[in-house]
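Peer 1: build me a structure from this.
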Amino acid sequence: MKSFMENYLFGVMVFSFFAAIIIFNIPNFISNKNITSKENIVDTVQIVDSYENTTGGTMTLVGKALVRTPSTTHYNIVVKYKGKEHKIDNYDTYKQFKDKKGQNVKAMMKKITYKDKEIKYEIKNIYEEN
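Peer 2: Here you go, the predicted structure:
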């Protein structure tokens, strides 16, 4: 039979888990509540940069064992739309557009309008018009 302390610790862990889920989702709930509209649009953006960078790949001591953390390579294309820069981290997009700095391309994006009339754009994909 489990002791009182084991049951108590289990209860604290379960409560903490659910509390963390609630706390981390509150900002999403608040920002979604203030959204008045979302629409998908296509417009022209300019490619301003392309780069790749690798994160991770470091050696970490775990107990007495030296463990290498995996590395991740990010393939980024930076586009500018209405004066703001947006980063797209996608290998295929990077491969297609990495040498096209300064060029205008079409972008599929989501336009999000908030109650306070603020508008944000989320760039989903870019492509060349044929």
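Peer 1: and the longest helix that the chain contains, how far from the chain's centre?
Peer 2: Taking DSSP state H as the criterion, the chain has its longest helix at helix 4-33. The chain centroid and the centroid of helix 4-33 are separated by 23 Å under C-alpha atoms, centre = their mean, to the nearest Å.
Peer 1: renumber starting at 6 from here on
Peer 2: Will do, 6 is the new start, and the previous item becomes helix 9-38.
Peer 1: average pLDDT for that helix?
Peer 2: Averaging pLDDT along helix 9-38 gives 71.
Peer 1: can you name every helix or strand that it contacts?
Peer 2: Other helices and strands packing on helix 9-38, by 3 or more C-beta pairs under 8 Å, 6 or more residues apart in numbering; DSSP states H and E, are absent; none qualifies. Using the backbone N, CA and C atoms, a C-beta is placed for each residue, glycine as well.
Peer 1: what comes up buried for it?
Peer 2: Within helix 9-38, no residue counts as buried by 16 or more other C-beta atoms under 10 Å.
Peer 1: how about stretch 45-55?
Peer 2: For stretch 45-55, the neighbour count (16+ other C-beta under 10 Å) marks V50, Q51, I52, S55 as buried.
Peer 1: S76: which of those is nearest?
Peer 2: For the buried residues of stretch 45-55, the minimum distance to S76 (C-beta to C-beta) is 19.8 Å, reached by S55.
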